[in-house]
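In: Turn this into a structure:
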Amino acid sequence: MTTPDLNPASVAESLEVDERLLPYMPYLLQDLWALGSAIDEIIALAGSLGLPPKSRALDLGCGKGAVAVRLASELRLEVVGIDAMASFLADAERKASEHRVSDLCDFRHLDALEFVSREHDFDLVILASVGGIFGSFADTAARLRSQVRPGGYMLIDDGYLKHGGRMSRRGYAHYRDHDETVAELTVFGDVLLREASTTDASSRINDEFQRLIEERGRELMAMHPELSTDIIAYLDGQAEECRVIMDQLEGAVWLLRKAQ
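Out: Residues are numbered from 1 along each chain as shown. Just a heads-up that it's a prediction; the model follows:
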C-alpha cells in the first residue's frame, strides 16, 4: 500500500498545484531529480568546509534526495533527509541504492516544521529551494540554527529581490533586498562565510524544468482528459513562476556558521 503524503493541502501548496492534481505529481516530475536546487553550488560550498567523513547533515525538504545522495557519495557525510511527500522519498531511497550510499542516507517521511520544533545537533543543515516555509529569513535562521551544534553550519539555497521593495505574490512575502536578507540571516550573530550566485544556474534549471513538465503534462492529458484544465493551469502557473523568478529575484546560496 502506498504511504500517503503528510498534510496534502500543505504539500500541494508547496508544489504550487491544486490538491486534485497532487497524486499525479510523481508522473509530472518523474524526469527531475534535483527539483530546482542549485545542486552543484550546494555541494561545492559544503565540500569547502572540509567536514570529516561521517559528519552528520540534515536536508530539510529533501525531495528526491539529490542533495543528500551527492553529499553522501561525494563527501561521505551521513545525511538525514526530511520530506512530506512519500513518493519523493521512495525515489530518494532508490537513488541512494544506485549510488551505493544507502548506509549513509536516512530518509524520513516527516513534516519539516514538526521536525525542527525540537532541537538537534547536526554538523550541517541544508534548506534548498523550498521557499519561505518557516517565514522570514530571520525566522528561517532561527529554525535552522536550532538544528546544528554550536559552530555548525547552515546552507540556504534561495534568493533576494533585485529591485528592493516587497512582493505580494503568494509564497514571496519573505523576500527582501540583498542587504536586508543578509541582515536577517545573521541577526543572531552567526557568521556569513560565503555567498554564491545561482542566477545563471537557475535560468538553466527553470528552462529544463519547464520543458520536461510540459512534455509529461501533454502525456498525462492524453491519458486523463478529465484533468486537462488542472494540468494546463499548473503548467501555466509554473511558466509564470519562472518569469517572476528571473525578472524579480537574484538566486543565491548562503553558507553560515552558527555562533559558538
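In: residues contacting Ala141?
Out: Ala141 makes contact with 154, 184-188, 190, 256, according to C-beta atoms under 8 Å, 6 or more residues apart in numbering. All C-beta atoms are positioned from the backbone trio N, CA, C, and that covers glycine.
In: got it, and Leu71?
Out: 43, 46, 57, 59, 77, 79, 126.
In: In helices only, show me the contacts of Ala141.
Out: 184-185 (DSSP state H).
In: Would you mind putting the contacts of Ala141 into TSV with distance to Ala92 alongside?
Out: Formatted as TSV, the contacts of Ala141 follow (distance: C-beta to C-beta, whole Å):
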residue	distance to Ala92
Met154	21
Glu184	30
Leu185	27
Thr186	31
Val187	32
Phe188	31
Asp190	29
Leu256	25
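In: Pull out the buried residues from the contacts of Ala141.
Out: Buried by 16 or more other C-beta atoms under 10 Å: 154, 184-186, 190, 256, out of the contacts of Ala141.
In: Widest-spaced pair of those residues?
Out: Pairwise distances across these (C-beta to C-beta) peak at 12.8 Å, for the pair Met154 and Glu184.
In: Present the contacts of Leu71 as CSV; the columns should include distance to His174, pLDDT and neighbour count.
Out: Shown next, in CSV, are the contacts of Leu71 (distance: C-beta to C-beta, whole Å; pLDDT from 0 to 100; neighbours: other C-beta atoms under 10 Å):
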residue, distance to His174, pLDDT, neighbour count
Ile43, 25, 95, 19
Ala46, 23, 97, 24
Ala57, 24, 98, 26
Asp59, 20, 97, 31
Leu77, 28, 98, 27
Val79, 26, 98, 27
Ile126, 18, 97, 28
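In: From those, which land in strands?
Out: Among the contacts of Leu71, the members found in strands (DSSP state E) are 57, 59, 79, 126.
In: mind listing the helices in the chain by residue range?
Out: 8-14, 25-28, 39-47, 66-75, 86-98, 112-115, 137-145, 178-185, 199-223, 228-248.
In: right, so of these, which gets closest to Gly165?
Out: Minimum separation from Gly165 across the helices of the chain (C-beta to C-beta) falls at helix 228-248, 9.4 Å.
In: name the helices or strands packed onto that closest one?
Out: Other helices and strands packing on helix 228-248, by 3 or more C-beta pairs under 8 Å, 6 or more residues apart in numbering; DSSP states H and E, are helix 199-223.
In: Can you list the low-confidence ranges for this protein?
Out: Scanning the chain for pLDDT under 70 picks out 1-10, 12-14.
In: buried ones in stretch 152-165?
Out: 152-161.
In: Looking at the residues you listed, which is nearest Leu89?
Out: Asp157 (19.5 Å).
In: Against Ile126, how distant is the closest one?
Out: 8 Å (C-beta to C-beta, to the nearest Å).
In: Now the common contact residues for the two.
Out: Overlap of the contact sets of Asp157 and Ile126 (by C-beta under 8 Å, 6+ apart) consists of Ile42.
In: surely Ile205 meets Leu35?
Out: No - counting by C-beta atoms under 8 Å, Ile205 does not reach Leu35; the two are 9.3 Å apart.
In: in terms of contact, does Val80 touch Gly65 like I think?
Out: No - using C-beta under 8 Å, Val80 is not in contact with Gly65, being 11.1 Å away.
In: circling back to that earlier point, as TSV, the buried residues of stretch 152-165 with distance to Val69 would be great.
Out: Shown next, in TSV, are the buried residues of stretch 152-165 (distance: C-beta to C-beta, whole Å):
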residue	distance to Val69
Gly152	21
Tyr153	19
Met154	20
Leu155	16
Ile156	20
Asp157	16
Asp158	21
Gly159	24
Tyr160	28
Leu161	32
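In: Contact partners for Gln30?
Out: By C-beta under 8 Å, 6+ apart, the contact list for Gln30 reads Arg216.
In: in stretch 115-124, what counts as buried?
Out: Within stretch 115-124, the residues that qualify as buried are 115-116, 122-124, counting by 16+ other C-beta under 10 Å.
In: tilt between the longest strand seen in the chain and helix 228-248?
Out: Ranked by residue count and defined by DSSP E, the top strand of the chain is strand 148-161. The directions of strand 148-161 and helix 228-248 differ by 90 degrees, with axes from the mean of the first three to the mean of the last three C-alpha atoms, to 10 degrees as the criterion.
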